[in-house]
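[1] here is my input, please return the structure:
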Amino acid sequence: MHRDVLLLAAQDDADDALLERGRDTTGRSLLQQKKDCPVSFQDANYTVITSRCKGPLYQPTLCCGALKDFACPYSTYINDVSTNCAATMFSYINLYGKYPPGLFANTCHEGDKGLACPEDTPQIEPGQKASGAAAVAAPAAALAAALAVSLLVSC
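    Numbers count the residues shown, from 1 in each chain. As a prediction, the model looks like this:
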């Protein structure tokens, strides 16, 4: 089993909100107040992404694999549309990686359901130091995400 993620290109690259598939995708939920993310992305180890996903020619295999390795341990939280976890995560990814708008949203696709994390991917827990999780995520791990409005789905 996998946790699947759908990516949608954003009209507004500043919007990093994520919507679960099957919920209202008209944008109304984007206007609702989001709760703070229960996990911290501030001290995460972003080198798993920044060391592998480099420009000017961003290699999709490297960039998408690195994103999945980093984000799978957080999939429970970035799939929660009631929080700002996804937006916070992408803000830090952009801060440290200085990636072009829409890089991951436009590049990272695995079929019609986006990118998938294995069900057995260990999840970061609130209060747990995040830097270790991103660094030890298995290279074959899978997730997806976008730098813009995206859909996340659990199958």
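
[2] strands along the chain, start to end?
    All strands of the chain, identified by DSSP state E, fall at 2-7, 18-20, 115-118, 150-152.

[3] Gln32 - how many residues pack around it?
    By the criterion of other Cβ atoms under 10 Å, Gln32 has 9 neighbours. Placement of C-beta: from N, CA and C, glycine included.

[4] now do the helices in the protein.
    47-50, 60-71, 75-78, 85-97, 103-107, 130-136 (DSSP state H).

[5] pick the most deeply packed of those.
    Most buried of the helices of the chain by mean neighbour count (mean count of other Cβ atoms under 10 Å) is helix 75-78; its value is a mean of 24.

[6] closest to Asp36 out of the helices of the chain?
    With Cβ to Cβ as the criterion, Asp36 lies closest to helix 85-97 of the helices of the chain, at 8.5 Å.

[7] could you figure out how far that closest one is turned away from helix 60-71?
    For helix 85-97 against helix 60-71, the angle by axes from the mean of the first three to the mean of the last three Cα atoms, to 10 degrees is 120 degrees.

[8] re earlier: so for Cys117, which of the helices of the chain sits nearest?
    Of the helices of the chain, nearest to Cys117 by Cβ to Cβ is helix 75-78, at 4.8 Å.

[9] got the CA coordinates for stretch 42-58 in PDB?
    Taking C-alpha atoms only, stretch 42-58 is exported to PDB below (Å, rounded to 0.1, in the frame of the first residue of the first chain):
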ATOM      1  CA  GLN A  42      12.600  24.700  11.200                       C
ATOM      2  CA  ASP A  43      15.500  22.400  12.300                       C
ATOM      3  CA  ALA A  44      15.000  19.700   9.600                       C
ATOM      4  CA  ASN A  45      18.000  18.500   7.600                       C
ATOM      5  CA  TYR A  46      17.300  19.800   4.100                       C
ATOM      6  CA  THR A  47      20.600  18.600   2.700                       C
ATOM      7  CA  VAL A  48      18.800  15.400   1.500                       C
ATOM      8  CA  ILE A  49      17.100  17.700  -1.000                       C
ATOM      9  CA  THR A  50      19.700  20.500  -1.600                       C
ATOM     10  CA  SER A  51      22.600  18.100  -2.100                       C
ATOM     11  CA  ARG A  52      20.800  16.100  -4.800                       C
ATOM     12  CA  CYS A  53      18.400  18.600  -6.500                       C
ATOM     13  CA  LYS A  54      20.600  21.200  -8.100                       C
ATOM     14  CA  GLY A  55      20.200  23.700 -10.900                       C
ATOM     15  CA  PRO A  56      20.500  25.100 -13.400                       C
ATOM     16  CA  LEU A  57      19.300  21.700 -14.900                       C
ATOM     17  CA  TYR A  58      17.100  20.200 -12.200                       C
END
